[in-house]
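*Asks:* Give the three-dimensional model of this entry:
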Amino acid sequence: MLRELEELREDARALATALALLRARRAAGLPSQVTLRELLKAHPRCTSADGLAQAREELGDALSDERRGRAARLSALRDFLVQARALALEPGAAQELFDLPQRPLVRPPGDAGLHGALPPVAVERDLPLVRARDKRAELEAALAEALGEADGIRSAAWEAAQAALSEGGGPAAAPDDSALATQLLDRTDALARDLGGWLLERHTGAEPFPGGAERHDLLHLLWAPRCASAFPRGEVLRTVRRWAEMLRLDLGAGKAIALDDDDRPLKWAGAHAEAIDPPWEVRVSLLPEEGPRALGMLLSAVGVAQLRAGPPSDAPPEDLWFGDPALPHACGALLEGLLREPQFLRRCAKVDLLPDDARAISIAAVFDARIAAGRCLAAAEAHAHGLGERAASAHRDLFARAALCDLPKGLALCDLDPFAASAELRGRALAGQLRFSLRETFDDDWWRNPRALPKLQALWGRGGRPTLAELWSELGAAPGIDPLVEGLAEACR
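*Replies:* Just a heads-up that it's a prediction; the model follows:
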């Protein structure tokens, strides 16, 4: 049995490597070199029902023996095998959804005959930066129409995910995730409505929902606020390097982390980190853009990359590849939060913002957290009643509450995750507690104090080994959203 488990773990590691390379090439705007069906066929052990059953059985034994470390690793392995099993149950749907962003599907009115259909990834890149509101509305309508046609494929993939979850015996979300999401929305409603609504209307001219504001209006506020010109695209990398020098952080992690900042037509906006062969090879794809959003996404990608490059090379595969899905979000959100530190902006980004411009940056994090909460609740609805009209309606209602704007019907099912819908929200909550702990130990400017670096490296160096529950316990706090809400409110003052 032990030998079979080792073979299963090795097959899972190899499949994780191949899938990560696919994702990295897609984010970088490069073509895939192999199909999902070919990958799944090459790894029959970890995509089979037998492999998943074996991991489930081993996990049950570890839990009964109270072997906490082994149980955490086996739980992470089981969760990956559930996702692999879902791909194997519906490989055609999985491939279509994976390729969807790069396919020429979107036909904007007017110039479609001249330029042909556009890939969704290109529309999503350009949409937030378009100044004319009517033009943004046309682009978003065309995008929603194109992506909405794939809702049937999404439903098939969702059903496969539910079947795989049933085989794996693991819940799609922790029981208290919905409560956490509801609390976050309740406690930030006033902040979002008062400050967020005012900034949204001031920036776009659209009144907050139900007054006519649409998703593209929010995107325009997030990506192109009035202070965007203070963050030139050429300064994004320089800002991060100035900060890393202060902290004495090796951004390349001993040449393990490679940055790709070339522009390609199909490259995804922002920054994205993928571990190809952790801890030896991690790739960060960056599309430099003007504005604070690009800087925040690069900081977030640095956090994820350091997590993946941090563990020792002899760490178990689960520590390198898997783990609690909220942990990368926590590492990313912790560093992304530097964007809301006035001294960071002055010292590293070389900008001194007016109060309302600083609030526009801070309210973006409020909206991000609230949208993540809405997705969590909408995914719970989809697990209960299927990925259909009821889930779409629930997500649109939740999005309107969270973001103060209308979500087009065709986009309502696009971002719902059947496996880790609460991961971003739980990660942001932990990041709030990590920030509180670092400030308490090293003062408000912990982010430039070299004495804080060992604390960060201690977190990164464990990779996916600790669960969020363990990390909360080590920080001496009970899991919750208090530090997150308090940090967001403080930044918006």
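*Asks:* Which is the succeeding secondary structure element to the helix or strand of the chain with the lowest mean pLDDT?
*Replies:* Ranking every helix and strand in the chain by mean pLDDT, DSSP states H and E puts helix 112-115 at the bottom, with a mean of 51. Later in the chain than helix 112-115, the nearest helix or strand by DSSP states H and E is helix 120-126.
*Asks:* Any chance you could list what contacts that next one?
*Replies:* 29, 100-103, 105-106, 108, 139, 142-143, 146-147, 265-269, 287 (Cβ atoms under 8 Å, 6 or more residues apart in numbering). C-beta coordinates here come from the backbone N, C-alpha and C atoms, glycine included.
*Asks:* Which ones among the residues you listed lie within helices?
*Replies:* The helices, defined by DSSP state H, take in L139, A142, L143, A146, L147 from the contacts of helix 120-126.
*Asks:* in the sheet, who's paired with G270?
*Replies:* Residues in a beta bridge with G270, per DSSP bridges, are L287.
*Asks:* Please, where are all the helices along the stretch 1-150 of the chain?
*Replies:* Listed in chain order, the helices of the stretch 1-150 of the chain (DSSP state H, counting those that start in this stretch) span 2-27, 36-42, 44-47, 49-64, 68-89, 91-99, 112-115, 120-126, 133-148.
*Asks:* Now do the first one and helix 68-89, the angle between them.
*Replies:* Taking axes from the mean of the first three to the mean of the last three Cα atoms, to 10 degrees, helix 2-27 and helix 68-89 form an angle of 60 degrees between their directions.
*Asks:* Which parts of helix 2-27 count as buried, going by neighbours?
*Replies:* 5, 8-9, 11-27 (16 or more other Cβ atoms under 10 Å).
*Asks:* How about stretch 201-217?
*Replies:* E201, H203, T204, A206, P208, F209, A213, E214, R215, H216, D217.
*Asks:* now, among the residues you listed, which is nearest to C376?
*Replies:* For these, the closest approach to C376 (Cβ to Cβ) belongs to R215, at 18.3 Å.
*Asks:* my guess is the closest one contacts L407, does it?
*Replies:* Yes - the criterion here is Cβ atoms under 8 Å, and R215 meets it with L407 at 5.4 Å.
*Asks:* so what sits against both of those two?
*Replies:* Common neighbours of R215 and L407 (Cβ under 8 Å, 6+ apart) are F399.
*Asks:* burial measure for A384, as a count.
*Replies:* Using other Cβ atoms under 10 Å, A384 is surrounded by 10 other residues.
*Asks:* in which helix or strand would I find it?
*Replies:* helix 355-385.
*Asks:* what helices or strands is the helix or strand just after that helix leaning on?
*Replies:* In the C-terminal direction, the helix or strand that comes right after helix 355-385 (DSSP H and E) is helix 389-403. When contacts are defined as 3 or more Cβ pairs under 8 Å, 6 or more residues apart in numbering; DSSP states H and E, helix 389-403 packs onto helix 177-191, helix 215-223, helix 355-385.
*Asks:* elements contacting the first one?
*Replies:* Read it as helix 177-191. helix 355-385, helix 389-403, helix 423-442, helix 482-491.
*Asks:* Go again with 6 Å.
*Replies:* If you count contacts as 3 or more Cβ pairs under 6 Å, 6 or more residues apart in numbering; DSSP states H and E, helix 177-191 packs onto helix 355-385.
*Asks:* For the helix it packs on, what is the distance to the chain centroid?
*Replies:* Taking the mean of its C-alpha atoms, helix 355-385 sits 12 Å from the chain's own mean (Cα atoms, centre = their mean, to the nearest Å).
*Asks:* That helix vs helix 389-403, what angle?
*Replies:* 160 degrees.
*Asks:* picking up where we left off before, check the contacts of helix 120-126 for burial and list the buried ones.
*Replies:* Buried among those (16+ other Cβ under 10 Å): 29, 100-102, 105-106, 108, 139, 142-143, 146-147, 266-269, 287.
*Asks:* if we can go back for a sec, mean confidence for the helix holding A384?
*Replies:* For helix 355-385, mean pLDDT is 97.
*Asks:* List the buried residues in that helix.
*Replies:* In helix 355-385, counting by 16+ other Cβ under 10 Å, buried: 357-383.
*Asks:* what about L411, how many neighbours?
*Replies:* 19.
*Asks:* ok, now K350?
*Replies:* By other Cβ under 10 Å, the residues close to K350 number 13.
*Asks:* So it versus P31, what's the distance?
*Replies:* Counting by Cβ to Cβ, to the nearest Å, the separation of K350 from P31 is 38 Å.
*Asks:* and what of A429?
*Replies:* Using Cβ to Cβ, A429 is found at 38 Å from P31.
*Asks:* quick one: which of those two has more around it?
*Replies:* Ranked by neighbour count (other Cβ under 10 Å), A429 and P31 place A429 first, with 28 against 8.
*Asks:* residues contacting the more buried one?
*Replies:* I481, L484 (Cβ atoms under 6 Å, 6 or more residues apart in numbering).
*Asks:* Just the pLDDT for it.
*Replies:* So, for A429, pLDDT stands at 97.
*Asks:* try the one 3 residues further on
*Replies:* In the predicted model, G432 carries a pLDDT score of 98.
*Asks:* what's around it, how many residues?
*Replies:* 24.
*Asks:* Against T441, how distant is the closest residue to R390 other than its chain neighbours?
*Replies:* Leaving aside its chain neighbours, R390 sits nearest to E381 (6.6 Å; criterion: Cβ to Cβ, 6 or more residues apart in numbering). Between E381 and T441 the distance, using Cβ to Cβ, works out to 41 Å.
*Asks:* Also L475?
*Replies:* 11 Å.
*Asks:* One more: F98?
*Replies:* Look at F98 and T441: by Cβ to Cβ, they are 43 Å apart.
*Asks:* Same question for E245.
*Replies:* From E245 to T441 the distance is 22 Å (Cβ to Cβ).
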